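In: sequence first, then the predicted structure:
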Amino acid sequence: MRNPLALFFLTLPLLACTGAQVPGSSSESSAHESSADTVSSSSSSSAIATGDPDNGATLFASNALSCNFCHTDNGDGTFGGNRSFNVNQFTYPNSDTYAGLGYSSATEQDLALFLSAEMPASGGCDAQCGADIAAYLWSLRGLAQNIDPVGCTSEDPVLYGKRALKLLTSFEYDNSLRSLFTAPLPDDFSSSFRANIDKNIANMPNHISEPVGETRLNTYARNAEELAEWALITEGQNPLPFSCADEQAVECANAFIEKFAYPAYRRPLNADEQMLYTKMITESPIGLQVAVQSVLMSPQFLYRSELGTKVSEARDDPMFRYGNDSAQQDSLAQADPSAYVLDPYEYASVLSYMYTASSPDAQLLAAAGNGDLANPAMVEMHIDRMLDSDLGRAQVGRFAGMWFRTDKVVDADRSGNPGFTQTVKDSMAREIRELYKHVFYDENLPFEAIYTGDFTLVNSVLSDFYGLPGGTHPDVFTPVSTVGTPRGGVIASGAFMASNSARERTSPIKRAVHFRQDVLCQIIDLPPAFGEDPEQDKIRDAAAAEVVEAQSSGTLTTTDAFHMQTGKPGTICAGCHRSVINPLFAIDDFDNVGLARKRNAAGEVVQKGLGPNGQEDVPIDMINNSGYLFAAHLTGVVDSGLADAENAAGQGLAFKGAKGLGQAIVDAELPGVEACLIEKSFRFAAGYPLSSAQALQLEGEQITEREKAHFACVSDNLKSALNQHNNSPRAMMKAMGTSDVIRFRR
C-alpha cells in the first residue's frame, strides 16, 4: 500500500517517452490509504547534487537529451507533446513499467534521482543533469494556476514602489505622539475614541488611501487641544522636551522649532514655517500652547509623505548627492527621470515606521541630515538598531498577530469552559507574537519553525490552562517543549483555534479557510449568494434536515455536521467545499477554547456528540482517518476544479491534525509558505501587495504589466535574502529596507 505522500507530486511516465501505456484512473491506487504505510526512497541513501534551475531549463530544451521530443515546454508550468503534463497535476500510475523504482515524488531531490536514473529513454542524464532539470521543473510549481504568471522579466535597472501620502494609523499616531513628550500621555490616544477606527486591508491597518472626514478631523482637533493644554497648563510638570523661562522669547520659539516641531514634522522646517511659528509664539501670551496644538493638527505630523522628488530634479539637488557610494549614485543616474526618489528625511520616516511604527528618533534624523542614509552599511546599522529596540520588537510581534488574525482571540466569546478567562485570551494572543519574535530574532531558526517547531512560548497562565509545564510568571514567556503533544506551531496554537471557532463549538470551515488564506496566501472565491435558486435552496434545506436528524443518534461530530451541510452533491457549496475546504477539517483536533481534544484508549481524537443526546467520546473520523490538502502548490486563486482532479487522482498532501499539517507543508516545500511570508511582510511594511491576485481580490486594483514585472523582481530579491540567511525573516526585512523599491517611486 502506497503512502499518500508518494502520490503527491510527479508522475513517472509523464516524464518518460518509452511508449508505455499510461494506466487509466480506474487502475489508480487510492489517495485515501493509511499514511502510516511507507515507500522506500532511493533519496535516503544516495548523495544528491545541488540543482541549477537555469541550466536545467537549457538542458530540457537541448536536442542532446531530446526531452522536448516528448514534452513541449509552454513556459508556464504546463507541457504539451505526446507526453503532456502539468507540474501541479502529476500522478503516480500503478504501472509495472515503473514498479519498484523507489520514487515517492515528495521532494525535488527524489525527482532528481529518478531523472538521472531513468531519463531520457535513450540515457545520458547524469546526477548533475537530473538535479538541474528537477530544479527547473520544481521552480515552475504554481505558475500554471497562479494569477501572477509574470516573472522577474524587468530589464529596468531600478525597481519602483508606489508614491503615497499615508495617514497615520491609530498605532502609529499613538507612538508618534508619545515620542514628542517626555512624560506619559494622560490617556490612551491609540483608542478608537482618540484616533478613530483604522481601515483594514488583508487584516492589517492600511491608510495608503484613507481620506480624512469631518469626524476624524474633529477628533484630531480635540486631541491636539487637550494635549497642548496638558503640556502647557498642568501645574508642576513640563512634558515638553524643552523649557522656557519666557514663553514669548525668540529663544523659546527656537527651542520649540528644534526640539518639538522638527521631530513632529520629521524633517527640518523651511524658512516660512520657522517664521510662522516664531511669530505665533512671540506675539501672544498663549502662543506656545497654540503652536503645540498647531503642530499636532498639521498634515506634516498626521501624514507620512512617500511622494519623493522627481529624479530629474534630484540629480541637481545637493540633498540627493550620495557622497562616495557608487551604488547609490548609479541608482539615481539610472533611474527614470520622470520617476521619484525619496529625500533622506522621507526615507528615514519610511524606515522608522516600517520597523518601529513610530517617528524617526534623533539618531535617524541626524543620519538623514548628515548623509549617512546614503551608505547601505549605515542604513543596515540603523535597521538593526530599530529592530532591537523595544518598539521594534513590539512591531515584529504585532505583525504576527495581524498576519494570523490571532489578536482577535482577545474578544472571543466562548462557552463551555469557565477557565477561558480574559487573562487566558490575552496570553494566547501574546503567545503568537512571542513565538514569531522568538524565531525572528534567533538566527539559528528558519522562519518555518513557526509551523513545525516542537515548542511554543508560554507564561504561567498558559502553562496552567494548557497543562503544559514551563511557564513561571504571568508576564514572562518561556520556550517549552511540546514533543509528544498535539501542540506546537501557529496552526496548533490556542489563539488560532479559539479565534476560529463559534461560541458553543468549533468552526472547521473558518479554520480551513484561514489556513489557506493566511499560511499559503491562497485566495478562495467568495461563496455564491443564496436565495436566488429555489432548487438549490431545496437541496440545502434537505441537507440541513439530514444534519438535524443525524443529531438524534448522539454520535454526530462537528466536522461531519459541516460536511453533510456543505458537501452535499449538487449544491453550489459542494464545488468549493468538496476538495478545497472540507478535506482540511482534520485540523479540528482542538476545541473551541483552543484545548487539545480528548483521545480514547485507541488514540483516536474524540468529542461529545452534537445535540441533546450527544454521547461522550465519539471518534472524529475526519481527523482520525487523515486530512488532505489539495491544490497545495498553488499561489493566487485556488482552482476548485484542479483540487477535485487531485482528489480523484489521489494526489493530496496527507496529514493528521493541525500540528501534522504544519509539518507537512514545510516538508513538501510548498511555494506558498515562503511566498506568503514575503507577501504579508511587504504589505505590512509598504501598505500594498506584491501580488496582482491580492491587489485584484482585496483592493479591486489592476496592477500594470510593468508593475507585475517589478514586483516579481522585488519578491525574488526578498526570497534570495531569506534563503541566503537560513530562511531568516529578519534578513529579509533588512533587505526590504535597503531595496530600491522603498527609495524610488513611480
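Out: Thanks, I have the structure now.
In: shaky segments in the stretch 451-600 of the chain?
Out: 528-532 (pLDDT under 70).
In: neighbours of residue 337, how many?
Out: 10 (other Cβ atoms under 10 Å). No exception for glycine: its C-beta is placed from N, CA and C like everyone else's.
In: next one: residue 61
Out: For residue 61, using other Cβ under 10 Å, the count is 12.
In: list the contacts of it.
Out: By Cβ atoms under 8 Å, 6 or more residues apart in numbering, the residues touching residue 61 are 67, 68, 73.
In: which non-adjacent residue is nearest the second one?
Out: When you say that, I think you mean residue 68. residue 61 (5.9 Å; Cβ to Cβ, 6 or more residues apart in numbering).
In: now the strands for the stretch 151-300 of the chain?
Out: In the stretch 151-300 of the chain, the strands defined using DSSP state E, counting those that start in this stretch lie at 164-167, 200-201, 204-205.
In: make JSON lines out of these and add mean neighbour count.
Out: Shown next, in JSON lines, are the strands of the stretch 151-300 of the chain (neighbours: other Cβ atoms under 10 Å):
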{"stretch": "strand 164-167", "mean neighbour count": "18"}
{"stretch": "strand 200-201", "mean neighbour count": "14"}
{"stretch": "strand 204-205", "mean neighbour count": "18"}
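In: mind putting the ones you listed in TSV, distance to residue 618 and mean pLDDT included?
Out: Output for the strands of the stretch 151-300 of the chain, formatted as TSV (distance: least, Cβ to Cβ, whole Å; pLDDT from 0 to 100):
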stretch	distance to residue 618	mean pLDDT
strand 164-167	52	95
strand 200-201	39	84
strand 204-205	39	86
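In: so which of those strands is nearest residue 373?
Out: strand 164-167 (19.2 Å; Cβ to Cβ).
In: list the strands paired with the closest one, with their directions.
Out: According to DSSP bridges, strand 164-167 forms sheet pairs with strand 303-306 (antiparallel).
In: just checking, what packs against whichever helix or strand comes after the partner strand?
Out: Counting by DSSP states H and E, the next helix or strand C-terminal to strand 303-306 is strand 309-310. In terms of contacts (3 or more Cβ pairs under 8 Å, 6 or more residues apart in numbering; DSSP states H and E), strand 309-310 is packed against strand 340-341.
In: tell me the confidence at the closest residue to residue 241 other than its chain neighbours?
Out: Sequence neighbours aside, residue 259 is the residue nearest to residue 241 in space, at 4.6 Å (criterion: Cβ to Cβ, 6+ apart). pLDDT recorded at residue 259 is 98.
In: same for whichever helix or strand residue 394 is part of, what does it pack against?
Out: Using DSSP H and E, residue 394 falls within helix 390-403. Helix 390-403 sits against strand 204-205, helix 344-356, helix 376-387, helix 422-440, helix 671-686, with contacts defined as 3+ Cβ pairs under 8 Å, 6+ apart.
In: of the ones you listed, which is nearest residue 179?
Out: Of the helices and strands packed on helix 390-403, nearest to residue 179 by Cβ to Cβ is helix 344-356, at 9.4 Å.
In: next, residue 374: phi, psi?
Out: phi -80, psi -10 (degrees, to the nearest 10).
In: pLDDT value on it, please?
Out: On the pLDDT scale, residue 374 is placed at 88.
In: neighbours of it, how many?
Out: The burial count for residue 374: 22, using other Cβ under 10 Å.
In: what's the distance between residue 156 and residue 478?
Out: 48 Å (Cβ to Cβ, to the nearest Å).
In: revised request: answer the last question for residue 666.
Out: Residue 666 is 24 Å from residue 478, by Cβ to Cβ.
In: which one's more surrounded, these two?
Out: residue 666 (18 against 15).
In: what does the helix or strand containing that one contact?
Out: Following DSSP H and E, one finds residue 666 within helix 657-667. Here helix 657-667 makes contact (Cβ under 8 Å, 6+ apart) with 5, 106-107, 448, 451-452, 486-492, 496-497, 511, 515, 519-520, 584, 586-587, 589-590, 605, 623, 627, 629, 632, 653-655, 672-673.
In: which of those fall in helices?
Out: Judged by DSSP state H, helices contain the following of these: 451, 452, 496, 497, 511, 515, 519, 623, 672, 673.
In: of those residues, closest to residue 227?
Out: Ranked by distance to residue 227 (Cβ to Cβ), the ones in helices among the contacts of helix 657-667 are led by residue 496 at 38.5 Å.
In: show me what contacts the closest one?
Out: 404, 406, 432, 490, 511, 514, 594, 658.
In: cool, and residue 515?
Out: 491, 584, 587, 661.
In: ok, residue 308 next?
Out: So residue 308 contacts 163, 340, 341, 342, 343, 346, 744, 745 (Cβ under 8 Å, 6+ apart).
In: ok, the second one - how many residues close by?
Out: Pointing back at residue 340 there. Residue 340: 24 neighbours (other Cβ under 10 Å).
In: so what's it closest to, chain neighbours aside?
Out: Nearest residue to residue 340, sequence neighbours excluded (Cβ to Cβ, 6+ apart): residue 308, at 3.3 Å.
In: name the residues of stretch 235-253 that are buried.
Out: For stretch 235-253, burial by neighbour count (16 or more other Cβ atoms under 10 Å) applies to 239, 240, 241, 244, 247, 252, 253.
In: now intersect the residues you listed with the helices, please.
Out: Reading helices off the buried residues of stretch 235-253 with DSSP H, I get 252, 253.
In: many thanks, I have nothing further to ask.
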